[in-house]
Every structure is written in C-alpha cells, then in structure tokens.
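curious how this folds, go ahead:
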Amino acid sequence: MADQLLRKKRRIFIHSVGAGTINAFLDCLLEDEIISQEDMNKVRDENGTVMDKARVLIDLVIGKGPKSCLKFIKHLGEGDPQLAAKMGLHKE
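Numbers count the residues shown, from 1 in each chain. Predicted coordinates for the structure are as follows:
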C-alpha cells in the first residue's frame, strides 16, 4: 500500500524536493540498507538535474517494495515535514 501511495504522489515529490533533501535521503536509505552504494552513486552521479535525481530515487524506492516505501515516508516526515505534508503523507 505504501508503494501505491508513493506512486500516486511521485510527481509532487519530483517537482518539490530539493538537492539537500535528496542527499539526506540517500544517506538514510543507505544506512537502512534499502539501497546499495551503487544505487546511491547512480542517483547522485548519473543525473544532471535535481528533478532527474528525484525521479530515479523515488522509482528506486518504489521498486524495492512496500517496506522500503514505509521507511522512505518515515524519513520524509522527519527530514522534510513540509514536503511530506504537501504530499499528504504527514501532518504538520
């Protein structure tokens, strides 16, 4: 269910997230072993714009399944509560 929710809110995330938040997410997701170092490098180094990085990141997390999506939503709520609220994932 969390993966379906993120899929529905994907566009808002891509258009709203900042570079600093993406980097913080990458660190958290790597620490939680949701993504690998290779995944992290792919998001960070192989995409020229913040929107491209956001797109690859959220698609990567959605592809990892509902448990990974729940952790991502938790990190979003803690790291960027305004964006989480904008996406309807967290109440301010």
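
only C-alpha atoms from now on, for both contacts and neighbour counts.
Fine.

hey, where'd the helices end up in this structure?
Using DSSP state H, the helices assigned to the chain run over residues 2-16, 19-31, 37-45, 50-63, 66-79, 81-86.

next, format those helices as TSV and append mean neighbour count and mean pLDDT.
As requested, those are exported to TSV (neighbours: other C-alpha atoms under 10 Å; pLDDT from 0 to 100):
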stretch	mean neighbour count	mean pLDDT
helix 2-16	17	94
helix 19-31	16	94
helix 37-45	15	94
helix 50-63	19	96
helix 66-79	18	93
helix 81-86	18	93
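
give me the residue at the spatial middle of the chain.
With distances taken as C-alpha atoms, centre = their mean, I58 lies nearest the centre of the chain, 4.6 Å away.

wouldn't that residue be in contact with K9 here?
No - counting by C-alpha atoms under 8 Å, I58 sits too far from K9 to count as a contact (9.9 Å).

which neighbours do those two share?
When contacts are counted by C-alpha atoms under 8 Å, 6 or more residues apart in numbering, I58 and K9 have no shared neighbour.

circling back: can you tell me the closest non-neighbouring residue to the residue nearest to the centre of the chain?
Nearest non-adjacent residue to I58, counting by C-alpha to C-alpha, 6 or more residues apart in numbering: R10, 7.0 Å away.

how much space between the one you found and R55?
Computed as C-alpha to C-alpha, to the nearest Å, the R10 to R55 distance reads 8 Å.
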